[in-house]
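**Q** prediction below, plus the sequence it came from.
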Amino acid sequence: AVVGKMAAEDESKLDIEELVVFLKDPTTVVRPGLRRLAHVWRTADAAYAEDLLHRFVLAQPTCKSILEGWENERVYNQGKDLGIVFDAATTVLEFATRRPSGRPVGIFLARAILTSQIKHVYQSLGSHSLAKPTLTMLAACVALGPVIAHEALAAFDFSLKILPELAQRRNTRQRHDVRHAYTAFALAFLRLGDPAVVAAALKHKEFFTAIFQHLDRDTPGYLRYLLTAIRDHVLHARLAKTAKLVVLSNGTLDQLIHLLEAPIDGPDAMDDDSGLPSVRQLAYDVLLEAGGSLADGIVFAPKALSGPLRWEESAAQTTNPVLLRVLQSLTRVENRRIRDLALAILNACPDVAPAYFGKAAVTLEPRVSTRWLSNMAFLTLCLRAAPPSLAIRGALAHLPSRVDAVLPAAVTRAMLGPGLQHAHSLIRHATLVLVEALLARAGTAIKAAAEWVQQSPRDAAAVGQYVTAVKDGLAKRLPGVETFFALRHNCDIGASYGIEYGLVLRVLRHMLEIAPDTFFVSKFDFAKLLHPKAGLDALPPALQHGTLAVLAAAPDVRWDAGGAALSPFGLIYGLWSSTEHEEIKATCRALLLRILKTAALASEAEAASWLAVPAPGPAISIVNSAFVLLGRELYACLDRVTTAQSKALANPEGGAQAVLSPPSPLVAAFLTVLAKTDSLELPAAAHATSLLLALSLTVSPAAIRALAAETFASRSDLAALVDAALNQDETGEPY
């Protein structure tokens, strides 16, 4: 061992004079000098090695020793040591690539190899021991530059039957085996970065695709080398997308997906302390850039729309069939990288959505499993992506196909119904989240359609059909609204502020905003919205806000109690009076005014008077009872108001007060409830006084007096209260 180390040290200190002596040694076939030349280049100090090679090319500008050694080895030694000659030639070619002074010599040697020696190169490729140094030498020739690369493409026979075999010749005990050398030769054309060279090289498709077969058999070190080269010299290169598809073919992408999904054996399979990225991460990076980058990937952008939109049943093919195939291959969406990759492709290629959603390879039948929950989460993320723009054509120029892109065919009522009614809360929650995402996506598409019609009025008819189709598609896919109302019985409002109950509220709000006529054939019943175990005021603020948002979206709310003890108006009125949240208070006020106005229960001025002063606790029940009574005896209250107004107009003492608007039937109902109250507490009495005073400013006080006189015939205390309230406006004294 000591002798071998001393010999190695001596060889690394070889000078030019000793090299010349070894190259001219008549006792051998010039092997010692060439072997030592290559050894110095690999092992000695870089500056020393380059200086030695510089002197060598000056001494032998025609590389006489290498070419003669090649011939002598072949003729006299049967080519047994041609590997040494090839190593020496590779050394000179690599030196010529690094140093301009050696470039003429390198070009001369490369041309000699590619012309006069090319037949011997083919013979060496068929040798088990010479294939690796031969391929390394050819890669060094190509690395000299575009000129030699073009000459290599013209001279080399890429149809040799031995080439596919060399591409699969692995040796896991070697860091650089024959397969590695073959890959280096192929990638040498791409590393130059010359578009003309790369385009010409990629015409030999089989030569490149052989690299990407059976990647699962390769070592992590080789895979890192290959994937880094694809990323840096294919994706980041200025190449046409069609040229990139030669390398990133269906077979190549399948292999990369397999690397992404399958475990990689070996100590360096995953991230380690060396700082090198894992094979799985590199495969993910390559696939992500290929399928998610419009600039560097293989994504073909749909052309801009020309001509008006058409409603036709036939649909064109997608402009990205390769990426559609990749999407359909990504089935293990519980893997974070695979899920992110699929989402990136869908965002970059919206035209593949109809075909992908129509044949989504994910299991959606409700079941308590991690796989099903992952599939639902993935599909939800897909739905949350923006729907495709109306400004693109291709597969989406035909509007029926665009409906399929907005509403996936894989989402059906047969799948959603059992999920919403499942006994397990996780299944219900995942299904609700999916429904919310589906409704939000449809709402975004409908809103974008309205904006498109403003920009392009000529498309109004076609876009109208499109919007109708989206709404009809929702009605066919979603269960009936009663299914969502029934979910409130299974919701716990105390668990994390009622997450499931909040989802139900958001789903109902989306339904009301998108297609109220489709989902709600009659007035919205507020009673069905309330939780069976808690009133509106007992809900957490988040759920109160969600409930009010549903009511705000409803076009028409049923205001009467419908036989119940509490009316919608009374519930909202109580929350408005008691809540400390300003946003909730403002929403309640807006809803109350809308209910009074749309139900024609009070004029706009009188409605504002009803909300002039918040009611204390006892007074809230009185107002609620007034609404309940009004729902049962509306026409009787109207008759009483009409009679009271007639008396006020006939009474000359009423004066100008009688000319004001008559009170609403709600006032009559309110006075009736007061009359039935046995003991009126002081806070309720004070509120009634303030309310009557506010009403007297907007409606006829004389009519209110007439109503009170009739209602309070046997209640002198209440009659005095009304008189004091109505006289307060004249005297200015507090009650």
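**A** Yep, that arrived. Numbers count the residues shown, from 1 in each chain.
**Q** what are the phi and psi angles of L571?
**A** Backbone torsions of L571, given as degrees, to the nearest 10, read phi -60, psi -50.
**Q** one more: the one 10 residues further on?
**A** Note on H581: its backbone torsions stand at phi -90, psi 120 [degrees, to the nearest 10].
**Q** hmm, who's touching whatever helix or strand L287 lives in?
**A** For L287, the host element (DSSP states H and E) is helix 279-292. Residues outside helix 279-292 that contact it (Cβ atoms under 8 Å, 6 or more residues apart in numbering) are 220, 223-224, 227-228, 230-231, 235, 244, 248, 253, 256-257, 259-260, 264, 269-271, 277, 296-299, 323, 326, 337, 340-341, 344-345, 347-349. Quick note: C-beta positions are derived from backbone N, CA and C, even for glycine.
**Q** if any of those are buried, give me the ChimeraX selection for them.
**A** Applying 16 or more other Cβ atoms under 10 Å to the contacts of helix 279-292, the buried members can be selected in ChimeraX as follows:
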select :220,223,224,227,230,231,235,244,248,253,256,257,259,260,264,277,296,297,298,299,323,326,337,340,341,344,345,348,349
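**Q** next step: the contacts of helix 279-292 restricted to strands.
**A** Among the contacts of helix 279-292, no residue falls in strands (DSSP state E).
**Q** residue ranges in the stretch 601-735 of the chain under the pLDDT threshold?
**A** 652-660, 728-735 (pLDDT under 70).
**Q** break down it into its helices, ranges please.
**A** Here the stretch 601-735 of the chain has its helices, by DSSP state H, counting those that start in this stretch, at 604-610, 617-632, 634-650, 665-676, 682-696, 701-711, 716-731.
**Q** I'd assumed V92 was in contact with C63.
**A** Yes - counting by Cβ atoms under 8 Å, C63 touches V92, with 6.2 Å between them.
**Q** if you count what's nearby, which of these two comes out ahead?
**A** V92 (27 against 22; other Cβ atoms under 10 Å).
**Q** list the contacts for that one?
**A** When contacts are counted by Cβ under 8 Å, 6+ apart, V92 touches 53, 56-57, 63, 66, 102, 105-106, 109.
**Q** and if you look at T370?
**A** Shown in contact with T370 (Cβ under 8 Å, 6+ apart): E334.
**Q** looking at the contacts of V92, which is nearest K528?
**A** The shortest gap between K528 and any of these belongs to G106, at 84.9 Å (Cβ to Cβ).
**Q** could you give the number of residues near that closest one?
**A** Other residues close to G106 by other Cβ under 10 Å number 26.
**Q** now it: which helix or strand?
**A** Counting by DSSP H and E, G106 is found in helix 103-114.
**Q** the helix or strand just after that helix - what's its average pLDDT?
**A** For helix 103-114, the following helix or strand on the C-terminal side (DSSP H and E) is helix 118-125. Helix 118-125 shows a mean pLDDT of 90 in the predicted model.
**Q** please apply the same query to stretch 582-598.
**A** Averaging pLDDT along stretch 582-598 gives 87.
**Q** now do stretch 283-298
**A** 89.
**Q** and it, which residues are buried?
**A** For stretch 283-298, using 16+ other Cβ under 10 Å, the buried residues are 283-292, 296-298.
**Q** next, format these as CSV and append distance to R640.
**A** Below are the buried residues of stretch 283-298 laid out as CSV (distance: Cβ to Cβ, whole Å):
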residue, distance to R640
A283, 81
Y284, 77
D285, 79
V286, 81
L287, 77
L288, 74
E289, 78
A290, 78
G291, 73
G292, 71
D296, 79
G297, 76
I298, 79
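**Q** where do the contact lists of C63 and V92 overlap?
**A** Counting by Cβ under 8 Å, 6+ apart, the contacts common to C63 and V92 are 57, 105, 109.
**Q** ok, and the most crowded of these?
**A** L109 (28 neighbours).
**Q** thinking again about what came up before, of the contacts of V92, which is the nearest to C382?
**A** The nearest member of the contacts of V92 to C382, counting by Cβ to Cβ, is G106 at 53.9 Å.
**Q** check contacts around the closest one.
**A** Taking Cβ under 8 Å, 6+ apart, one finds 92-93, 95-97, 144 in contact with G106.
**Q** kindly report the same for F95.
**A** Counting by Cβ under 8 Å, 6+ apart, F95 touches 41, 50, 53-54, 57, 102, 106.
**Q** reformat the shared contacts of C63 and V92 as a markdown table; add pLDDT and distance to Q213.
**A** Output for the shared contacts of C63 and V92, formatted as a markdown table (pLDDT from 0 to 100; distance: Cβ to Cβ, whole Å):
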| residue | pLDDT | distance to Q213 |
| --- | --- | --- |
| V57 | 81 | 39 |
| V105 | 91 | 37 |
| L109 | 92 | 33 |
